[in-house]
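**Q** Next one to model:
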Amino acid sequence: MALATTRALVLQSFPYSETSKVLRLYTQDHGLRSVMAKGALRPKSRYGGVLEPFTEGTATFYIKEGRDLHTLSGFDLVRSRQGLGRSLVGFAGASLLAEVVIRTGTEDPHPALYETLAQAWDAVAGAGGPARALAASLAGAWSVVVLLGFEPQAGACVHCGRELADDEPVRFDASAGGVACTHCRPAGRVLDPESRAELRRMLNGEIPEGGVARPRTQGALLKAFLEAQLAQDRPFRALELFLESTAMVPARPGEGGEGAGDEAEGGPEGRGALA
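**A** Modelled structure (predicted):
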């Protein structure tokens, strides 16, 4: 049984018995790990209530070879990110990021994924208002997707390979892994040039200044891609709340709204429009 000390992000926390907690951690040196924090729920616990989702700290735990659950022996707080719990949009976005890492992470160290998740949480927590929090969440989620090797193709047709003009209408084919020209994909909702340009910027790690033009459209793109490429017939539980939060963020003034196009193709969550 080896003792490990490493930076860690708390992805998930839930009670175990009346006095303890089980945590899902993403660590800098040991990848995704589950640990038991004995006594964490006691009134005078040494952990002092810091073992909550989105918290970052230095964790010390005993690694038991061949076991899935290890024993936490210490956690020194580095950053709490409590502000994420005060915003529905921020909380929903941060929760979705955590779930994506839980579903895709392994015990192998992936320092770049650790840093990307930490920076995404910081960007969401520091966003000024729901629109920017949503944009930071979307950009963070796409950054994680890219880092995992699932980057959607956004500059050329995923079917014929033709480079697409910046102002050319396209459709998003999530199952095929990216955008498609209207010749190869004749049916489905058209993705407007501005939303595609925002998607391309977010795939490069940029957060759209002032928020995205059409929040529900961008939420639907992410949902369709996660379900087609990463869900493996197990829905992401945080997606429903995340999509509800996108509906709380209005489209930017002068962008023509989203309602008519969404209704024509079955709404922003309709898989037929995007998948």
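**Q** which residues does residue 3 bridge with?
**A** With DSSP bridges as the criterion, residue 3 is bridged to residue 62.
**Q** so it touches residue 64, yeah?
**A** No. With contact defined as Cβ atoms under 8 Å, residue 3 does not count as touching residue 64 (11.1 Å). (C-beta placed from N, C-alpha, C; glycine too.)
**Q** mean confidence for the helix or strand encompassing residue 12?
**A** Assessed by DSSP states H and E, residue 12 sits inside strand 2-16. Taken as a whole, strand 2-16 has a mean pLDDT of 96.
**Q** Equivalent analysis for stretch 123-134, please.
**A** pLDDT averaged over stretch 123-134 gives 94.
**Q** Can you give me the separation between the residue positioned nearest the centre of the chain and residue 118?
**A** Taking Cα atoms, centre = their mean, the centroid of the chain lies closest to residue 97, which sits 2.7 Å from it. As judged by Cβ to Cβ, to the nearest Å, residue 97 and residue 118 stand 10 Å apart.
**Q** ditto for residue 76
**A** According to Cβ to Cβ, residue 76 and residue 118 sit 16 Å apart.
**Q** Got phi/psi on the closest residue to residue 222 other than its chain neighbours?
**A** In space, and not counting its chain neighbours, residue 222 is closest to residue 141: 5.8 Å by Cβ to Cβ, 6 or more residues apart in numbering. In terms of degrees, to the nearest 10, the main-chain angles of residue 141 are phi -60, psi -40.
**Q** Just the pLDDT for residue 141.
**A** What the model reports as pLDDT for residue 141 is 98.
**Q** That one against residue 223, yeah?
**A** No. Applying Cβ under 8 Å as the test, residue 141 and residue 223 come out as separate, 10.2 Å apart.
**Q** Please identify which of these two sits among more neighbours.
**A** For residue 141 versus residue 223, the count of surrounding residues by other Cβ atoms under 10 Å is larger for residue 223: 25 against 20.
**Q** In this structure that one contacts residue 243, no?
**A** Yes. Counting by Cβ under 8 Å, residue 243 is a contact partner of residue 223 at 6.3 Å.
**Q** Can you give me the distance of residue 250 to residue 198?
**A** To residue 198, residue 250 is 16 Å away according to Cβ to Cβ.
**Q** can you check residue 163 too?
**A** Look at residue 163 and residue 198: by Cβ to Cβ, they are 19 Å apart.
**Q** Could you pull up phi and psi at the residue lying closest to residue 201 once chain neighbours are set aside?
**A** With Cβ to Cβ, 6+ apart as the criterion, residue 201 has its nearest non-adjacent residue at 6.3 Å, and that residue is residue 208. Main-chain dihedrals, residue 208, degrees, to the nearest 10: phi -60, psi 130.
**Q** Many thanks, have a good one.
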